[in-house]
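1. sequence plus the predicted model coming up.
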Amino acid sequence: MALVRILIGALITAGAVFLVRWMLEARDISAEGGAPAPTPLNLVIGLVTNFFDTLGIGSFATTTAAFRLFHVVPDELIPGTIIVGDALAVLTQAVLFISVVAVDPLQMTALIVVCVAGGWIGAGIVTSLSRRAIQLGIGAALLVAVVFMAFSLFGWTPSGGGSAISLTPAAFVVALTINCALGALLPLGIGNYAPSLVMFSVLGMDPKAAFPIMMGSGAFVATVAGVRFLSARRFHQQAALGLTLGGIPGVMAAVWLVKSLPLEALRVLVLAVVAYVSFTLLRSGIRANAEVAVPAVDR
């Protein structure tokens, strides 16, 4: 299992590089007037969203919903804030799951690599998008999330794969292509957990084996893409720090303390909230487009 240890070492290294880069950026922000410390609301959002993220509900859609409902972060800064703020929490998940869940290490590594490549490209695109484009993009992304949540909630996902911990060569090629695309979509706020579970089930893999792959992919993409968001200053420092400081304890609590929760009722609530937030974002983006399209009348 030398490759697994190397992968965990690479994750920790990526996390350390990301953390140093963030500390340098935070120092510059402080020198320019600083950002206030995270509020209790920021910490609670990080704790709750990452707690349930570890249980498979996902954090992108729920965090976006919380930011919008409580007016915490401007729309154009939401993607970068989530990527930067959740990077270390997702890294914690990845290390824990890669350590304990059996999966083909070569395939896992290759799938993570292509996902990171997609994430680097996607982050470069998202950091240059306008506020309206971000609103429309996240709104559409949340609609995708709603579809996958509904598939999971109502049992429409394929049972798939049995106990297989590796993919056939043909299925592996398909998975590489799709995982690269999922990586490119991550910086926009389309979480990779639900799509990954569906994809690996369809391709014949044990869904449990998908967890280290999707969490490892998410962790590497978050740390790599996070550097791009940091460099572009397309994130909200106060809210991102709240996600991190609240998120890591949330992950640990979910992994070690919780054995059973009434998740079905919670998923229904999350589905309704995410659908509403998607609607409000798309409406804002469409209204902004209409305002631009109508010429001003000189008086």
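-> Everything's here; your move.
2. and the pLDDT for Thr63?
-> At Thr63, the model reports a pLDDT of 91.
3. burial count for it?
-> Around Thr63 there are 28 other residues, counting by other Cβ atoms under 10 Å. From N, CA and C alone the C-beta is placed, and that goes for glycine too.
4. go on, the one 5 residues further on?
-> Residues lying near Arg68 (other Cβ under 10 Å) number 21.
5. so which bits of the helix or strand harbouring it are buried?
-> Per DSSP states H and E: Arg68 is located in helix 60-69. Buried residues in helix 60-69, counted by 16 or more other Cβ atoms under 10 Å: 60-68.
6. what's the following helix or strand after the helix or strand containing Thr13?
-> Here Thr13 sits within helix 2-31, counting by DSSP H and E. Going down the chain from helix 2-31, the next helix or strand is helix 40-54, by DSSP H and E.
7. what residues does that following helix touch?
-> The contact list for helix 40-54, computed with Cβ atoms under 8 Å, 6 or more residues apart in numbering, reads 58-59, 62-63, 66-67, 70, 72, 85-86, 89-90, 93, 193, 238-239, 241-251, 253-255, 258, 266, 270.
8. which among the residues you listed count as buried?
-> 58-59, 62-63, 66-67, 72, 85-86, 89-90, 93, 193, 238-239, 241-251, 254-255, 270.
9. helices and strands around the helix holding Arg68, which ones?
-> Contacts defined by 3 or more Cβ pairs under 8 Å, 6 or more residues apart in numbering; DSSP states H and E place helix 60-69 against helix 40-54, helix 78-100, helix 131-153, helix 263-293.
10. tabulate the buried residues of helix 60-69 (JSON lines), appending distance to Ser217.
-> Shown next, in JSON lines, are the buried residues of helix 60-69 (distance: Cβ to Cβ, whole Å):
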{"residue": "Phe60", "distance to Ser217": "13"}
{"residue": "Ala61", "distance to Ser217": "17"}
{"residue": "Thr62", "distance to Ser217": "19"}
{"residue": "Thr63", "distance to Ser217": "18"}
{"residue": "Thr64", "distance to Ser217": "20"}
{"residue": "Ala65", "distance to Ser217": "23"}
{"residue": "Ala66", "distance to Ser217": "24"}
{"residue": "Phe67", "distance to Ser217": "23"}
{"residue": "Arg68", "distance to Ser217": "26"}
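11. which of those sits closest to Lys208?
-> Phe60 (21.7 Å; Cβ to Cβ).
12. surely that closest one and Ile82 touch.
-> Yes - under the contact definition of Cβ atoms under 8 Å, Phe60 touches Ile82, with a separation of 6.1 Å.
13. where does the stretch 151-299 of the chain have low pLDDT?
-> By pLDDT under 70, the weakly predicted segments of the stretch 151-299 of the chain are 152-163, 188-191, 194, 257-271, 273-274, 276-277, 281, 285, 288-299.
14. in it, which spans are helices?
-> Taking DSSP state H, counting those that start in this stretch to define them, one finds helices in the stretch 151-299 of the chain at 169-185, 193-202, 207-232, 237-256, 263-293.
15. among those helices, which comes closest to Asp104?
-> The nearest among the helices of the stretch 151-299 of the chain, by Cβ to Cβ, is helix 207-232 at 8.0 Å.
16. packing partners for the closest one?
-> helix 2-31, helix 78-100, helix 105-126, helix 169-185, helix 193-202.
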